[in-house]
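Colleague: Give me coordinates for this.
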Amino acid sequence: MAGMPALTLYGRAYCHLCEDMKVALEPLRRDFSFALHEVDVDADAGLEDRFGELVPVLMPGTPADLQGGAVELCHYFLDEAAVRVWLAAHGSARTTR
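Modeller: Numbers count the residues shown, from 1 in each chain. Okay, here's the model as predicted:
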């Protein structure tokens, strides 16, 4: 059996857009099961260089999955449609409401 789908939110502790995206993801939990991993890009010089001011960034998978690079689902603001499509394709839809 496959594990629960995961999303990784790259952001910063002081970033209001990062907090907004995290809050915007919560309603999706009514329809989908997923793990959310939060990564502070300021805690890693490589991530800080990679993302710069392009945060928040939401990517599919866990931080370990993303070592080889991944395509982002969205940045700055939640693209709910894109995230819903990805979650539905990865079998995380809830069967009961």
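
Colleague: measure stretch 47-58 end to end?
Modeller: 14 Å (C-alpha to C-alpha, to the nearest Å).

Colleague: Wasn't V85 part of a helix?
Modeller: Yes: assessed with DSSP: H, G, I helix; E, B strand; the rest coil, V85 lies in a helix.

Colleague: can you pull the buried residues of stretch 86-97?
Modeller: Residues of stretch 86-97 classed as buried: 86-87, 90, 92 (neighbour count, 16 or more other C-beta atoms under 10 Å). Quick note: C-beta positions are derived from backbone N, CA and C, even for glycine.

Colleague: Not counting that stretch itself, show me its contacts.
Modeller: Contact partners of stretch 86-97, identified using C-beta atoms under 8 Å, 6 or more residues apart in numbering, comprise 2, 4-5, 28, 30-34, 60, 73.

Colleague: what's around G61, how many residues?
Modeller: G61 is flanked by 16 other residues according to other C-beta atoms under 10 Å.
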